[in-house]
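K.L.:
got a structure for you, letters missing:
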């Protein structure tokens, strides 16, 4: 995708389309907001993380889909988010 503004080292995109929405996408997005300290569309002050809500990741059969650095994580639940963020911070 094209980005009109700089994005962080890690790009976290949460699908919010209907299948993901019905299975808790909003709660997953909110968990990422808490863990990263940024709102959707924002980049952390240190430039490490950009969080985005996206319309469809095309993984409706395994919702909630989260794309982290162009790699799908599915299904993701709110309780999975702290471990995902910790993994990214460690550089795994």
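P.N.:
That came through fine. On a predicted model such as this, the values are computed, not experimentally measured, just so you know.

K.L.:
list the buried ones in the helix ranked longest in the chain?
P.N.:
In the chain, taking DSSP state H as the definition, the longest helix is helix 25-36. Using 16 or more other CB atoms under 10 Å as the test for burial, helix 25-36 gives 25, 28, 29, 30, 31, 32, 33, 35, 36. The C-beta positions use only the backbone N, C-alpha and C, and glycine is treated the same way.

K.L.:
And for stretch 4-18?
P.N.:
Residues of stretch 4-18 classed as buried: 7, 8, 10, 11, 12, 13, 14, 15, 16, 17 (neighbour count, 16+ other CB under 10 Å).

K.L.:
Give the full set of residues in contact with the third one.
P.N.:
By that I understand residue 10. 48, 49, 50, 68, 69, 88 (CB atoms under 8 Å, 6 or more residues apart in numbering).

K.L.:
from the residues you listed, which ones fall inside helices?
P.N.:
Using DSSP H, the members of the contacts of residue 10 that fall in helices are residue 88.
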